[in-house]
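S.K.: can't give you the sequence, but here's the structure:
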């Protein structure tokens, strides 16, 4: 089998925010162009030749949604042949923590941008459902002991917001005492 003449590298952002009362949400863009025109996808795009991967991810996120991440964490590379109908493409995915109350505005090649509850997602283009699942699994593991999830909360969050965020991360009810213990543990990590 002949090898493709070119291989492309992209970055995709799994941008998360926490909305009190609404839970954990992921930012999706609606594609303006083929492939997957009109479908919801993770913000992302091609890496420039002179760009580091985190810079490319932050740039694409800002171009497509007008948002800058409070924190970026690389979660992995995804390169199954055929994942992109335009050609051979490997993407490097990042968790992007977005500050509370942030509003997205569609730009660049995005026809729309919006926050979606992780418990109620539309069908996603490319292999973005797989990327999102891997990112959420990694985020939940990191959030148990590292301060990454604190980027989703204001500096002095109300106790009930901490409890709601932790419940969203763990997928079930969390006591106020567990939420207080978790907050003290992750704040003490750094």
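M.R.: Received the coordinates, thanks. Note that the structure is a prediction, hence the values are computed from the model and not measured.

S.K.: only the buried residues of whichever strand in the chain runs longest, if you could.
M.R.: The residue-count maximum for a strand in the chain (DSSP state E) belongs to strand 8-19. Neighbour-count burial for strand 8-19, with 16 or more other Cβ atoms under 10 Å as criterion, is recorded at 9, 10, 11, 12, 13, 14, 15, 16, 17, 18, 19. Quick note: C-beta positions are derived from backbone N, CA and C, even for glycine.

S.K.: remind me what that strand packs against, helices and strands.
M.R.: Secondary structure elements in contact with strand 8-19, counted by 3 or more Cβ pairs under 8 Å, 6 or more residues apart in numbering; DSSP states H and E, are strand 23-31, strand 44-46, helix 53-65, strand 89-97, helix 128-143, helix 159-170.

S.K.: please redo it, this time with the cut-off set to 10 Å
M.R.: Other helices and strands packing on strand 8-19, by 3 or more Cβ pairs under 10 Å, 6 or more residues apart in numbering; DSSP states H and E, are strand 23-31, strand 44-46, helix 53-65, strand 71-78, strand 89-97, strand 110-117, helix 128-143, helix 159-170.

S.K.: mean neighbour count and distance to residue 103 added to the ones you listed, as a markdown table?
M.R.: Below are the helices and strands packed on strand 8-19 laid out as a markdown table (neighbours: other Cβ atoms under 10 Å; distance: least, Cβ to Cβ, whole Å):
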| stretch | mean neighbour count | distance to residue 103 |
| --- | --- | --- |
| strand 23-31 | 22 | 10 |
| strand 44-46 | 20 | 20 |
| helix 53-65 | 21 | 9 |
| strand 71-78 | 16 | 19 |
| strand 89-97 | 23 | 15 |
| strand 110-117 | 16 | 9 |
| helix 128-143 | 18 | 21 |
| helix 159-170 | 19 | 19 |
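
S.K.: TSV for those, including mean pLDDT?
M.R.: Below are the helices and strands packed on strand 8-19 laid out as TSV (pLDDT from 0 to 100):
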stretch	mean pLDDT
strand 23-31	96
strand 44-46	96
helix 53-65	97
strand 71-78	96
strand 89-97	97
strand 110-117	94
helix 128-143	96
helix 159-170	92
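
S.K.: OK, contacts around residue 99?
M.R.: 17, 18, 67, 68, 69, 70, 71, 151, 152, 153, 154 (Cβ atoms under 10 Å, 6 or more residues apart in numbering).

S.K.: any idea which of the residues you listed is closest to residue 113?
M.R.: Taking Cβ to Cβ as the measure, residue 67 is the one of the contacts of residue 99 closest to residue 113, at 8.5 Å.

S.K.: wait, that closest one sits on residue 106?
M.R.: No: counting by Cβ atoms under 10 Å, residue 106 is not a contact partner of residue 67; they are 11.1 Å apart.

S.K.: where do the contact lists of those two overlap?
M.R.: Here residue 67 and residue 106 have 43, 113 as joint contacts, going by Cβ under 10 Å, 6+ apart.

S.K.: between these two, who's got more neighbours?
M.R.: The neighbour comparison of residue 67 against residue 106 (other Cβ atoms under 10 Å) goes to residue 67, with 22 against 17.
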